[in-house]
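Visitor: For reference, the sequence and a predicted model appear below.
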Amino acid sequence: MWKVCVADDEKYVLKSITQRIEISGMPFEIAGVAGDGREAIALYETYHPDVFFVDINMPIIDGLDFISRIRLQDPESNTLFVIISGYDDFAYMKKAIQLGVVNYLKKPISMEEFTLVIETLSEQLKNAEEKEPVAEIMNWIDFTKNLREQEVSGNWICIYGSLISREAGLFLNNWKRLAGVEWKGITFYGVEDVLLLFSWQNVVLESKLEEWLALGQLRPAKRLACFHGVVSDYNQMISDFEDVFNLRFYGESSGVVNIQKSPGGVTGDEFSLYEKFDSVVEMGKKEKIEESLNDIWEHVLQDKKQYPSIRRIYQSLIIVMANKYTKYSIALPDGMRQELFPFATAQFWDSNEMREQLQEYADQLNEKIRETLSKSELTERAIQYMRQHYQEDISLGDIAGALYTAPAYLAKRFKEKKNSTVMQYLETIRMNRAKELLEESGLSVTEIAQEVGYGDPNYFTRSFKKNCAKTPKQYRNEC
């Protein structure tokens, strides 16, 4: 039986997970539960469990800090950590991944999602027991746990080639013959096309790499990125390697790149690139989603200097979609969590493959949202659409079209349910948002009018006075 511990400050969550483990019929047993981070540390030191479910937002010591402390005090730990979160922000997985967290559960925890997670945990534990240890090939997480020094000096060569990690042992033997020194091979979870090599020995091979690659002595390697020197931030180094490999999307011909020589890339605010995508993936049509993705790809591929943006934008779009799944309490599809791990973009051999994968994810999500909304009351769907699009110049026809219904039918049903017309309700949404901006922001009345969907500030002022019995300036002064 595999031992399981659970840490969460909400007693009903502790009870729920305990009961689900007990009735699962799988070889898990609850070793203990904790209500805060300090109790969780004591629990870990007592049982060293196989699996630990950890709430992110715990008192005294939060969940991610707890896992970080365990990693520091017990770098040899084989415990599989699963984080539990009440937040809709899937980006928490970014930090959790660096700590070796293997999965994520969103509160309230659906039975379908929980079952999927424990089945995955069971498979991982079973494979770990059956796997024969190979001294020369390690997983990235295990490798970094074994590095006790804050800074490490050596040679790092990252190799990109079709299914290269499957043949890591054979490749490493050939590599040793060519390089003449000892190397470690490092693989990454779920990534078959990338292999990282590391050597403590002070040797620089960059001058020979192009020759070996050209002669076909490094098959199946197609591209190599190398770094020689001191590394203190391992995750940043891996990000640099991934970004350099993404130069292939621009027709880069060089097979060997030193990451010290790579340009910094664009670092500006990229939110505007996927803000439209966030909207259309939920309520738009398939052609609108495709149009949005085409706009993003046209922007990012127009300038070679933007190659570091590819990974960030790809993972940002994945996060947008993951947040939609959690918003509608829909189970995430297989593979989507893995898209936030290192080298998520390595699976694509050209930019069209990446864009098509995003299109497929978005179409699946859009269809599931529509299935969910089709079960909802038409009036509530209309209200949801208005809350998302109140800043735009939308009409009754636009709203009805987005909901695939006739304007007259929508107007009738809305009036019956809300005793208000659709457009009156839209105006109320706009007015409430205008009040918030007048109270909390320093925006001018003209700017607020534009922010809440009024192109004419004078018309906005008249509408506001009609609804609130005072002008926007009078309202702000009173506040």
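Guide: That came through, no problem.
Visitor: where does the stretch 151-300 of the chain have low pLDDT?
Guide: 202-206, 253, 260-273, 284 (pLDDT under 70).
Visitor: Spell out the secondary structure type for Pro49.
Guide: coil (DSSP: H, G, I helix; E, B strand; the rest coil).
Visitor: if I look at it, how far off is Gln302?
Guide: 51 Å (CB to CB, to the nearest Å). (C-beta placed from N, C-alpha, C; glycine too.)
Visitor: Compare these two (neighbour count), which wins?
Guide: A direct count of neighbours by other CB atoms under 10 Å for Pro49 and Gln302 places Pro49 higher, at 24 against 9.
Visitor: In contact with that one, which residues are there?
Guide: By CB atoms under 8 Å, 6 or more residues apart in numbering, the contact set of Pro49 is 2-5, 31, 43, 79.
Visitor: ok, now with 7 Å
Guide: Residues counted as contacts of Pro49 (CB atoms under 7 Å, 6 or more residues apart in numbering) are 3-5, 31, 79.
Visitor: And it, what's its pLDDT?
Guide: pLDDT, Pro49: 94.
Visitor: do the same with Thr446
Guide: Per the predicted model, pLDDT is 92 at Thr446.
Visitor: what are the ranges of the strands in the stretch 51-200 of the chain?
Guide: For the stretch 51-200 of the chain, the strands defined by DSSP state E, counting those that start in this stretch occupy 51-55, 80-85, 103-106, 137-139, 152-161, 184-188, 191-199.
Visitor: Give me the angle between the longest one and strand 184-188.
Guide: With axes from the mean of the first three to the mean of the last three CA atoms, to 10 degrees defining the directions, strand 152-161 sits at 60 degrees from strand 184-188.
Visitor: give the contact list for Trp372.
Guide: To be clear, residue 372 is Thr; Trp isn't right here. Contacts for Thr372 (CB under 7 Å, 6+ apart) come out as 328, 330.
Visitor: next one: Arg387
Guide: Ile429.
Visitor: Now the strand or helix carrying it: buried residues?
Guide: Assigned by DSSP states H and E, Arg387 belongs to helix 378-389. Neighbour-count burial for helix 378-389, counted by 16 or more other CB atoms under 10 Å, picks out 378-379, 381-383, 385-386, 389.
Visitor: of these, closest to Leu197?
Guide: Checking those against Leu197 by CB to CB gives His389 as the nearest, at 51.3 Å.
Visitor: can you state the direction angle for the helix ranked longest in the chain and helix 378-389?
Guide: In the chain, assigned by DSSP state H, the helix with the most residues is helix 351-374. Computed by the same axes, to 10 degrees, the angle separating helix 351-374 from helix 378-389 equals 140 degrees.
Visitor: Could I get the average pLDDT for helix 351-374?
Guide: 85.
Visitor: now the very next helix or strand once past the helix holding Arg387: how far from the chain's centre is it?
Guide: Following helix 378-389 in sequence order, the next helix or strand is helix 396-402 (DSSP H and E). Centroid separation for helix 396-402 versus its chain: 32 Å, with CA atoms, centre = their mean, to the nearest Å.
Visitor: Which neighbouring elements make contact with helix 396-402?
Guide: Packed against helix 396-402 by the contact rule (3 or more CB pairs under 7 Å, 6 or more residues apart in numbering; DSSP states H and E) you find helix 378-389, helix 407-418, helix 422-440.
Visitor: And the spatially most central residue of the chain, how close does it get to Met336?
Guide: The structure's the chain has its C-alpha centroid closest to Ile319; by CA atoms, centre = their mean the separation is 4.0 Å. Distance check for Ile319 against Met336: by CB to CB, it reads 10 Å.
Visitor: Which ones among the contacts of Pro49 map onto strands?
Guide: 3-5, 31 (DSSP state E).
Visitor: just to revisit the earlier point, for the longest helix of the chain, buried residues please.
Guide: By 16+ other CB under 10 Å, the buried positions in helix 351-374 come out as 351, 354-355, 357-359, 361-362, 365-366, 368-369, 373.
Visitor: Let me know the closest of the buried residues of helix 378-389 to Ala400.
Guide: Ala400 lies nearest to Ala382 out of the buried residues of helix 378-389, by CB to CB, at 8.1 Å.
Visitor: How much space separates the closest residue to that closest one other than its chain neighbours from Gln391?
Guide: Spatial nearest neighbour of Ala382, excluding adjacent residues (CB to CB, 6 or more residues apart in numbering): Ile399 at 5.7 Å. To Gln391, Ile399 is 14 Å away according to CB to CB.
Visitor: next one: Asn294
Guide: Per CB to CB, Asn294 is found 23 Å from Gln391.
Visitor: next one: Leu172
Guide: Distance, Leu172 to Gln391, using CB to CB: 56 Å.
Visitor: and the two? which has more neighbours close in?
Guide: Leu172 (18 against 13).
Visitor: Surely that one touches Trp183?
Guide: Yes: with contact defined as CB atoms under 7 Å, Leu172 reaches Trp183; the gap is 6.4 Å.
Visitor: right, and Asn57 touches Gly86 too?
Guide: Yes: counting by CB under 7 Å, Asn57 does reach Gly86; the two are 6.5 Å apart.
Visitor: Pick out whichever of these two has more residues nearby.
Guide: Using other CB under 10 Å as the criterion, Asn57 and Gly86 rank with Asn57 on top: 16 against 13.
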